[in-house]
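> Okay, predicted coordinates and the sequence, questions at the end:
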Amino acid sequence: DGGITQSPKYLFRKEGQNVTLSCEQNLNHDAMYWYRQDPGQGLRLIYYSQIVNDFQKGDIAEGYSVSREKKESFPLTVTSAQKNPTAFYLCASSIGTGPPNEQYFGPGTRLTVT
Amino acid sequence: QKEVEQNSGPLSVPEGAIASLNCTYSDRGSQSFFWYRQYSGKSPELIMFIYSNGDKEDGRFTAQLNKASQYVSLLIRDSQPSDSATYLCAVYKNNRLAFGKGNQVVVIP
């Protein structure tokens, strides 16, 4: 089955710790995205990558970092510099970044930082 | 002005009725428009997208686009309890999607 996997589903961390969220896709999509969703809010773009070894900041990149060493993988690190890291994190992919840009989402990782 | 606005509050519809959702966008250069459904605690799933003015139908769903007025709508015919979810509108421009906050739909049996 083709799809996007994110692990873990739930993640708990202490304040001050960096944490890495996994995102893997086997859809052969070139583009991958990370979003954050807070309660009652829409999705906000953190980072996106159009091709391997290339990525661009989205609207809320501060306190986050990414890498794209393989086409299938786009991990997100939430650093201690992110002031409000508790949120629902969603990874998505699309064939490319051009229109229409149908994006498909993984199941998400719910991060809680205390 | 927000890029994508979905202003109406929770929508309650009787089972079998039509649910109507609206979305407005600010950038006239936007090229394609999406509707996603998100169940509570789950990730968004793509329902359909549209990029030409007019209507596009897929099963019980119809998307309507009016670029002159800068709005896109979603109609859900014969609403079912399984349609109870939050519906997110998204607009594509410059390699990315901008999302609205979503509209909650509750279908009452």
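Received the coordinates, thanks.
> for chain B, what are the low-confidence residue spans?
Nowhere does chain B drop to pLDDT under 70.
> List, one by one, the residues from it near chain A.
Within chain B, the positions lying close to chain A (C-beta under 8 Å from any C-beta of the partner chain) are B:4, B:31-32, B:34, B:42-46, B:49, B:51, B:88, B:90, B:92, B:95-97, B:99-102. Every C-beta, even on glycine, is put in place using the N, C-alpha and C of the backbone.
> Can you tell me which of those residues are classed as buried?
If you count burial by 16 or more other C-beta atoms under 10 Å in any protein chain shown, the buried members of the residues of chain B next to chain A come out as B:4, B:32, B:34, B:43-44, B:46, B:49, B:88, B:90, B:92, B:95-97, B:99-102.
> Mind listing residues that contact the lengthiest strand in chain B?
Longest strand in chain B by number of residues (criterion: DSSP state E): strand B:85-93. Under the criterion C-beta atoms under 8 Å, 6 or more residues apart in numbering or on different chains, residues A:42-43, A:99-101, A:103, B:3-4, B:6, B:21, B:23, B:25, B:27, B:29-40, B:44, B:47, B:72, B:74, B:97-100, B:102-105 lie in contact with strand B:85-93.
> ok, back up a step: just the ones of the residues of chain B next to chain A in strands?
Residues of the residues of chain B next to chain A located in strands (DSSP E): B:Val4, B:Ser32, B:Phe34, B:Glu45, B:Leu46, B:Phe49, B:Leu88, B:Ala90, B:Tyr92, B:Arg96, B:Leu97, B:Phe99.
> beta partners for the third one?
In this case it means B:Phe34. B:Phe49, B:Ala90 (DSSP bridges).
> pretty sure it contacts A:Pro99?
No: applying C-beta atoms under 8 Å, one finds B:Phe34 not in contact with A:Pro99, separated by 11.0 Å.
> follow-up on the earlier one: what angle do the longest strand of chain B and strand B:45-50 make?
50 degrees (axes from the mean of the first three to the mean of the last three C-alpha atoms, to 10 degrees).
> From the chain's centroid, how far away is strand B:85-93?
On the basis of C-alpha atoms, centre = their mean, to the nearest Å, strand B:85-93 sits 6 Å off its chain's mean C-alpha point.
> Same question for stretch A:107-114.
12 Å.
> what do you get for stretch B:86-101?
With C-alpha atoms, centre = their mean, you get 10 Å for stretch B:86-101.
> Look at the most centrally placed residue in chain A and tell me its secondary structure.
For chain A, the residue nearest the mean C-alpha position is A:Trp34 (2.8 Å; C-alpha atoms, centre = their mean). The three-state assignment at A:Trp34 reads strand, by DSSP: H, G, I helix; E, B strand; the rest coil.
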